[in-house]
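Chemist: kindly generate the corresponding structure for this input.
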Amino acid sequence: MQKKFTTVDGETLMSQSLMPIKFVVANLIPQGLHILSGAPKIGKSWLVLWLSLQVAKGESAWGFSTTQGTTLYLCLEDSISRIQNRLFNITDDAPPNIHFSTIAENIGSGIEQQIENFVTKHADTKLIVIDTFQKIRNISNDNAYASDYRDISLLKNVADKFGIAILLIHHLRKQKDDDPMNMVSGTTGITGAVDSSYVLTKSKRNSDKAVLYCTGRDIEYRELELSLNNESHLWDLLSDSVENPEILLEKIIFLVAEFIRENIFWSGTPSELATALQPQSEEKIIPNILSKKLLQNKIELEELGICYSTKRSNGRRLIELKISADSADSADKYYMPNADPVDPDHNFEEND
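Modeler: Residues are numbered from 1 along each chain as shown. Just a heads-up that it's a prediction; the model follows:
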């Protein structure tokens with residue numbers, strides 16, 4: 001039997017409503033496999049304990065909203081009594097949906113099944129922290145790159161299967177580098193296979209200030225300047241390198257909804273829509289980003305009474321937006337760039 005590729009053409013792909021990336025910590029930690037690296041005793045464990053707590057409570061982290069759910073912290077270099085002491089240092093109320101374990105099987109020897117069993121029992125699991133990555137690895141005589149890539153891939157498969165975020169805690173090389181990501185211990189098989197990499201570094205060992213470098217497939221590169229409070233043991237955010245972040249999803253959706261309520265029907269290219277919306281937005285609206293957000297959030301638009309569709313006309317890809325029949329309370333305003341006025345009694349079909 002002849003084997004063939006299963007393909008999808010570009011036009012079809014850009015018209016399909018696909019699930020958007022889901023975040024555990026908005027714009028910072030998406031679903032998938034991630035690695036946080038830093039020098040020993042720099043404060044990584046304090047940081048991830050706090051992040052686990054914030055997600056479990058559904059409270060924001062440095063102003064980034066979290067998706068509340070069960071969290072699991074595998075503190076494999078600590079004891080339960082030490083974790084208890086740390087909890088008392090950072091909070092007076094730990095919820096029942098944050099779990100801890102000091103023992104786990106190795107990669108390929110049972111940890112994948114342990115995670116699966118935990119997620120099956122706790123269906124709302126959002127974040128699993130493994131502190132440290134080295135504690136669950138096997139001694140291997142294989143090629144170092146192949147070994148690193150294999151271990152990461154096995155854990156990534158688990159994260160993707162259950163739609164959760166797994167955060168590995170790891171160490172840095174002693175050698176300095178202009179690119180912090182090159183300081184991650186191991187081969188590029190690690191940083192190449194994970195979805196996101198975070199590196200926590202200090203300019204001086206005895207300093208209470210550090211920078212968290214963040215990069216990944218589904219997040220914008222950013223540098224967070226942090227300060228460790230020696231009394232609360234919490235990392236405070238001092239600054240964020242992303243001064244003008246991409247316009248937020250909620251703002252785009254409600255901006256479009258307000259625009260269409262005023263105009264009833266609109267048809268045009270993504271660039272034309274971005275231009276039409278720009279006067280009402282403080283941030284720059286990028287056409288391809290706007291188009292993606294609309295497609296990914298078609299259901300949210302429908303809940304707001306807005307019908308969204310696309311079509312191709314005269315070689316151009318057009319977006320069509322209109323008030324749904326159930327939401328329309330008037331039909332005396334229409335807006336269509338470079339087009340004749342629209343008949344209010346016209347029934348707009350998707351492929352009209």
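Chemist: give me the phi and psi angles of the closest residue in space to residue 280 that isn't next to it in sequence.
Modeler: The spatial neighbour of residue 280 that comes closest, neighbours along the chain excluded (Cβ to Cβ, 6 or more residues apart in numbering), is residue 255 at 5.9 Å. The way it works is simple: take the backbone N, C-alpha and C, and place the C-beta from them, glycine included. Here the main-chain torsion angles of residue 255 (degrees, to the nearest 10) amount to phi -70, psi -40.
Chemist: who touches residue 312 in this structure?
Modeler: Neighbour list for residue 312: 11, 318 [criterion: Cβ atoms under 8 Å, 6 or more residues apart in numbering].
Chemist: contacting residues around the lowest-mean-pLDDT helix or strand in the chain?
Modeler: Lowest by mean pLDDT, DSSP states H and E among the helices and strands of the chain is helix 249-263, with a mean of 80. Residues outside helix 249-263 that contact it (Cβ under 8 Å, 6+ apart) are 20, 266, 273, 276-277, 280-281, 283, 285, 290, 293-294, 297, 300-301, 304-306, 321-323, 333-335.
Chemist: just the buried ones from the residues you listed, in PyMOL syntax?
Modeler: Here the buried members of these are turned into a PyMOL selection, burial being counted by 16 or more other Cβ atoms under 10 Å:
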select buried, resi 266+273+276+277+285+290+293+294+297+300+301+304+305+306+321+322+323+334+335
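Chemist: looking at the one helix or strand residue 311 maps to now, give me its mean pLDDT.
Modeler: Using DSSP states H and E, residue 311 falls within strand 306-313. Confidence for strand 306-313, expressed as mean pLDDT, is 87.
Chemist: quick check: residue 213 touching residue 219?
Modeler: No - at 11.5 Å, residue 213 does not count as touching residue 219 under the criterion of Cβ atoms under 8 Å.
Chemist: okay, buried residues for stretch 98-116 please.
Modeler: The neighbour-count check on stretch 98-116 (16+ other Cβ under 10 Å) flags 98, 99, 100, 104, 107, 111, 112, 114, 115 as buried.
Chemist: wait, is the fifth one part of a strand?
Modeler: Looking back up the chat, that one is residue 107. No - using DSSP: H, G, I helix; E, B strand; the rest coil, the assignment for residue 107 is coil, not a strand.
Chemist: ok, which pair from the buried residues of stretch 98-116 is furthest apart?
Modeler: By the measure Cβ to Cβ, 98 and 107 form the most distant pair in the buried residues of stretch 98-116, at 23.6 Å.
Chemist: same list (the buried residues of stretch 98-116) but as CSV, adding secondary structure and pLDDT.
Modeler: As requested, the buried residues of stretch 98-116 are arranged in CSV below (DSSP: H, G, I helix; E, B strand; the rest coil; pLDDT from 0 to 100):
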residue, secondary structure, pLDDT
98, strand, 97
99, strand, 98
100, strand, 97
104, coil, 97
107, coil, 95
111, helix, 97
112, helix, 97
114, helix, 98
115, helix, 98
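Chemist: ok, so of these, who is nearest residue 235?
Modeler: With Cβ to Cβ as the yardstick, the closest approach to residue 235 among the buried residues of stretch 98-116 comes from residue 98, at 17.9 Å.
Chemist: can you pull the contacts of the closest one?
Modeler: When the contact criterion is Cβ under 8 Å, 6+ apart, the partners of residue 98 are 52, 53, 56, 70, 71, 72, 73.
Chemist: in the sheet, which residues pair with it? Tell me.
Modeler: In this structure, residue 98 has beta-bridge partners residue 71, where bridges are defined by DSSP bridges.
Chemist: go on, residue 165?
Modeler: Per DSSP bridges, residues listed as beta-bridge partners of residue 165: residue 32, residue 127.
Chemist: residue contacts, residue 291?
Modeler: Contact criterion Cβ under 8 Å, 6+ apart gives 14, 270, 319 as the residues in contact with residue 291.
Chemist: now the residues you listed: which count as buried?
Modeler: Of all those considered here, the ones buried according to neighbour count by 16+ other Cβ under 10 Å are 270, 319.
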